[in-house]
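Colleague: Requesting a structural model of the entry that follows:
(2 chains)
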Amino acid sequence: MDLETLRTTLWIVAGLLMVAGVVGVGLAVLLDRSARVEEHEKPTPIRYTQAAPAVAQVPAKPMDPEAVAARKAAYRSGIYVFLGLAVLTALEFGIAAALEGSVVFLFVIALVKAGLIVQYYMHLNRAWSEEEAH
Amino acid sequence: MSTESLSAYQAQTKANRVGLWLFFISEAFLFGGLLASRFYLWGNTRPELNQWLGLAITAILLASSFFMNRAETAIAHDDRQTFLTSLLLTAGLGILFFIGVVGFEWQGHIKPWDGVYGAVLFGMTGLHALHVASGVVLILIIWNLGRKGHFSGERHWGVEACAIYWHYVDVIWVFYYPALYLMGTAVH
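Modeller: Numbering: from 1, shown residues only, chains lettered A, B, ... in the order given. As a prediction, the model looks like this:
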């Protein structure tokens, strides 16, 4: 593959991933906003069933600012991890084209991606942590 | 919920988590065996696959993982609307990924009976697609329960387990994607 083709490919990939990232973040913001509007306008209807009596809870009430901030921070962390994964995937694609499918580099990137998912999305630390047992 | 009841639930959840991770370890041997067979049989070569399709389905699966994480975060913060919407988006993206593999990749020039390339490609993508399909079913079950009012910020082990399972399917693809599409020289 010549340099010009590689450059064009990288630009296309970067562009696609940026569009995907912007759409993802945009959707996330929209979802967050609609959820907040719902929360303040009408309480979430809770139906109590025999199958799960333990879910009984009081109807939703407006959250305190600290809880809202904590929720926003949690959402933001998910967005950062997604963006990191998107960038690493683009890098992976570029490296495969530039270095003729170098196994070592690609495997290292895959390990980093897997590490991000296991740590931040799968919460591996919760398996032995004394906290956050919900 | 009483403090004692919550405490018992938390203790049970801790045990559940360990059990789930043990299940993942056993699954890792299954997926790892297939990955090892790819390197043993293909060496530093790979079949000529549609690179754009591979990149597209990978991006779709990553996006689905993002929305799954969002759904779990939402229910942990009692944000039911975002929880339900994110679950539906996750399931939709999972179905898209499945269609990308089975409906497009499998219709390419390589067939399961095409020697080691066909066997390994269909073995790896088939087993993974099966897990994606079962994950989508789980997500839809969780969505239906959530719609009926199940789960809360304090009690949502069902959601957490489903989310971890989905992310596990994503982690498998993180290794399978470069192994199938990017590593080595295209020869077939």
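Colleague: what about chain B, any weak spots by pLDDT?
Modeller: B:1-2, B:4, B:188 (pLDDT under 70).
Colleague: Which stretches in it count as helices?
Modeller: Secondary structure of chain B (DSSP state H): helices located at B:3-42, B:51-76, B:80-98, B:115-147, B:157-177.
Colleague: Against residue B:53, how distant is residue A:102?
Modeller: 22 Å (Cβ to Cβ, to the nearest Å). C-beta: built from backbone N, CA, C; applies to glycine.
Colleague: now swap in residue B:169 and tell me
Modeller: For residue B:169, the distance to residue B:53 - Cβ to Cβ - is 18 Å.
Colleague: higher neighbour count, these two?
Modeller: residue B:169 (25 against 15; other Cβ atoms under 10 Å in any protein chain shown).
Colleague: who's in contact with that one?
Modeller: Counting by Cβ atoms under 8 Å, 6 or more residues apart in numbering or on different chains, residue B:169 makes contact with B:61, B:128, B:131-132, B:135.
Colleague: how about 7 Å then?
Modeller: B:131-132, B:135 (Cβ atoms under 7 Å, 6 or more residues apart in numbering or on different chains).
Colleague: again with residue B:133
Modeller: Counting by Cβ under 7 Å, 6+ apart, residue B:133 touches residue B:98.
Colleague: Ok, the one 5 residues further on next?
Modeller: Applying Cβ under 7 Å, 6+ apart, one finds that residue B:138 lies in contact with B:162, B:165.
Colleague: how close does it get to residue B:46?
Modeller: Between residue B:138 and residue B:46 the distance is 32 Å, computed by Cβ to Cβ.
Colleague: Residue A:116 too?
Modeller: From residue A:116 to residue B:46 the distance is 25 Å (Cβ to Cβ).
Colleague: same thing with residue B:140?
Modeller: Counting by Cβ to Cβ - residue B:140 and residue B:46 are separated by 34 Å.
Colleague: okay, the two: which has more neighbours?
Modeller: Taking other Cβ under 10 Å, residue B:140 and residue B:46 do not tie; residue B:46 has more neighbours (23 against 17).
Colleague: Apart from its neighbours in sequence, what residue is nearest that one?
Modeller: Setting aside the residues directly before and after it, residue B:46 is nearest to residue B:184 in space (Cβ to Cβ, 6 or more residues apart in numbering or on different chains), at 4.4 Å.
Colleague: so the one you found touches residue B:41, yeah?
Modeller: No - the pair residue B:184 / residue B:41 is not scored as a contact, 11.6 Å apart, by Cβ atoms under 7 Å.
Colleague: Point out where chain A drops to low pLDDT.
Modeller: Chain A contains residues with pLDDT under 70 at A:1-63, A:101, A:130-134.
Colleague: what about residue B:149, how many residues close to it?
Modeller: Applying other Cβ under 10 Å, we find 18 residues neighbouring residue B:149.
Colleague: same check, this time on residue A:96
Modeller: Neighbourhood size, residue A:96 [other Cβ under 10 Å]: 22.
Colleague: so it is in which element?
Modeller: In this assignment (DSSP states H and E), residue A:96 forms part of helix A:65-98.
Colleague: Give me the buried positions along that helix.
Modeller: A:71, A:74-75, A:78-79, A:81-83, A:85-86, A:88-97 (16 or more other Cβ atoms under 10 Å in any protein chain shown).
Colleague: returning to what we had before: between residue B:184 and residue B:41, tell me which one has more neighbours.
Modeller: Shown here are residue B:184 and residue B:41; by other Cβ under 10 Å, residue B:184 has more neighbours (23 against 13).
Colleague: Could I get the contacting residues of the more buried one?
Modeller: Per Cβ under 7 Å, 6+ apart, neighbours of residue B:184: A:101, B:42, B:44-46.
Colleague: go on, residue B:162?
Modeller: By Cβ under 7 Å, 6+ apart, the contact list for residue B:162 reads B:138-139, B:142.
Colleague: swap in residue B:49?
Modeller: Residue B:49 neighbours (Cβ under 7 Å, 6+ apart): B:108, B:180-181.
Colleague: go with 10 Å
Modeller: For residue B:49, the contacting residues are B:105, B:108-110, B:117, B:121, B:180-182, B:186, B:188, by Cβ atoms under 10 Å, 6 or more residues apart in numbering or on different chains.
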